[in-house]
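A.B. asks: Dropping a prediction and its sequence here:
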Amino acid sequence: MASCRRNECSTEKGARSEENASKHKMLESNFSSTNLSHFAYGITASVFSVVLYGSNLVPVKKIEMGDGMFLQWITCASIWVVSMIGNLLLQSPKFYPLAMVGGVLWATANLAVIPIVKAVGLAVGVLIWSSTNLLMGWASSRFGWFGITPIEVARPVLNYCGVGMCLFSGLIFFFVKTDAELHPNSESIPLLIDRRMHSGSSGPSSSVFWIDNIGPRARRIIGSLLAVFSGLLYGSTFIPILYIKSHTSCLNSVFHGASNYDLDYVYAQCSGIFATSTVYFAIYCAVMNNRPRIYSRAILPGLLSGVMWASATYSWFLACNYLSPVVTIPIVTAGCGLVAGMWGSLVFKEVKGTANFILYILGSCFVLIGSLLTAISKL
């Protein structure tokens, strides 16, 4: 009788263990399936962001932009409008002013975009600032700079190798010589012209924008250094948001209970962009004695550029939500540089000569391989 009970008990235990094992396998399968789904969503959002970021300057490439101050203000106004619509769709999450600091950094970096594009072209300019953007954004999130919680990945060696290859591509692009147009459309005439500066001239070809009066070699060096400076600021725009998210569980922090959903902070960042660009434009108008160089043909392209940039940002933040910034920053920053480089070299013919083209292709291959390794490091 006792042996029967022991047999029944052992049989019952065996059935329970088999049931627990099957449940464990089911949970592992569901977890793996969820991870793969999130990976697919994140990669899709990253690709969408890469294409839009890499193409957002294309609408304004072939028009006369002058010193670019008016174009920046128009573009930032468009970005802010798109973010307002997104904020309404997200049911107006709590607004954190600290997230605006990222917008301040972005608007400051964006001041140099027009001089960079005029100095070294769209292809090389975007590729250089994307490389430094990548390094700053990745390092701050990976190692926990500025009070941010360090972000871990499943395969750190692959992550390091991928970032290293993307960064090395930026060094290669430094040596690519480009043929950038200083005046894409010489027939463009500013709406507001300072008669003292244009008296006796035949048109806007007598532009006094400082980058136009520098020799080709010095212009290339200055444009490259400005691209590095802008990239460092661009790479810092994520830091305030990551700081808020890192302190959401701290009881003594003012950010306790803050949202972990990255898209909830886009509106605050874009508000910082528009506010800062408005201040810069007002200062510019004062310095120009209320005679800013305003080109009417830049309005619609500038608005379109802003819509593309804001849409790319929402896609990027969504990708960060699924993959984490330490993965998406290298992919998006390096990828958008590659797309912009393709526009500049294949469409606008900025890269000329066999040696330059070989360097460009080599750098592009490093970007592709590096982005692939970074993406795999998440799995």
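C.D. replies: Nice, thanks for sending it over. Numbers count the residues shown, from 1 in each chain.

A.B. asks: Neighbours of Gly353, how many?
C.D. replies: 12 (other Cβ atoms under 10 Å). For glycine as for every other residue, the C-beta is placed from the backbone atoms N, C-alpha and C.

A.B. asks: Same question for Ala40.
C.D. replies: Under the criterion other Cβ under 10 Å, the count of neighbours that Ala40 has is 11.

A.B. asks: For it, give its distance to Tyr322.
C.D. replies: If you measure Ala40 against Tyr322 using Cβ to Cβ, to the nearest Å, the figure is 9 Å.

A.B. asks: Can you work out which residues contact both of these two?
C.D. replies: Residues within reach of Ala40 and of Tyr322 at once, by Cβ atoms under 8 Å, 6 or more residues apart in numbering: there are none.

A.B. asks: Which residues are in contact with the closest residue to Ser315 other than its chain neighbours?
C.D. replies: Leaving aside its sequence neighbours, Ser315 sits nearest to Ser49 (Cβ to Cβ, 6 or more residues apart in numbering; 3.8 Å). By Cβ under 8 Å, 6+ apart, Ser49 lies in contact with 312-313, 315-316, 319, 332, 336.

A.B. asks: what do you get if the cut-off is 7 Å, keeping everything else the same?
C.D. replies: 312, 315-316, 319, 332 (Cβ atoms under 7 Å, 6 or more residues apart in numbering).

A.B. asks: just the buried members of these?
C.D. replies: 312, 315-316, 319, 332 (16 or more other Cβ atoms under 10 Å).

A.B. asks: picking that back up, report whether the residue nearest to Ser315 is found in a strand, as I expect.
C.D. replies: No: under DSSP: H, G, I helix; E, B strand; the rest coil, Ser49 sits outside any strand and is assigned helix.

A.B. asks: residue ranges of the helices in the stretch 151-300 of the chain, please?
C.D. replies: Using DSSP state H, counting those that start in this stretch, the helices of the stretch 151-300 of the chain run over 156-173, 195-198, 216-234, 239-246, 266-287, 299-323.

A.B. asks: Which of those helices sits closest to Met136?
C.D. replies: Taking Cβ to Cβ, helix 216-234 is the member of those nearest to Met136, at 5.2 Å.

A.B. asks: can you list contacts of that closest one?
C.D. replies: If you take Cβ under 7 Å, 6+ apart as the criterion, helix 216-234 is touched by 105-106, 108-109, 112-113, 115-116, 119-120, 125, 128-133, 136, 174, 211, 214.

A.B. asks: cool, and stretch 118-129?
C.D. replies: Stretch 118-129 is contacted from outside by 57, 61, 116-117, 170, 173-174, 176, 178, 180, 182, 211, 219-220, 222-224, 227-228, 230-231, 234, 336-337, 340-341, 343-345, 348, 350-351, using Cβ under 7 Å, 6+ apart.

A.B. asks: And for stretch 134-150?
C.D. replies: Taking Cβ under 7 Å, 6+ apart as the rule, stretch 134-150 contacts 151, 163, 166-167, 231-232, 235-236, 238-239, 242-243, 246, 325-326, 329-330, 333-334.

A.B. asks: if you set the cut-off to 8 Å instead, what comes out?
C.D. replies: Residues outside stretch 134-150 that contact it (Cβ under 8 Å, 6+ apart) are 151, 159, 163, 166-167, 170, 231-232, 234-239, 242-243, 245-247, 324-326, 329-330, 333-334.

A.B. asks: I'd like the distance between Ser130 and Met136.
C.D. replies: Ser130 is 11 Å from Met136, by Cβ to Cβ.

A.B. asks: Compare the two (neighbour count), which wins?
C.D. replies: Ser130 (33 against 22).

A.B. asks: Look at the more buried one and tell me its secondary structure.
C.D. replies: Under three-state DSSP, the three-state class of Ser130 is helix.

A.B. asks: Quick check: closest non-adjacent residue to it.
C.D. replies: Spatial nearest neighbour of Ser130, chain neighbours left out: Gly337 (3.2 Å); criterion: Cβ to Cβ, 6+ apart.

A.B. asks: Contact partners for the one you found?
C.D. replies: By Cβ under 8 Å, 6+ apart, the contact set of Gly337 is 54, 126-131, 170, 367.

A.B. asks: Closest one of those to Tyr295?
C.D. replies: Among the contacts of Gly337, and counting by Cβ to Cβ, the member closest to Tyr295 is Val126, at 21.9 Å.

A.B. asks: Which per-residue confidence value corresponds to the closest one?
C.D. replies: At Val126, the model reports a pLDDT of 75.
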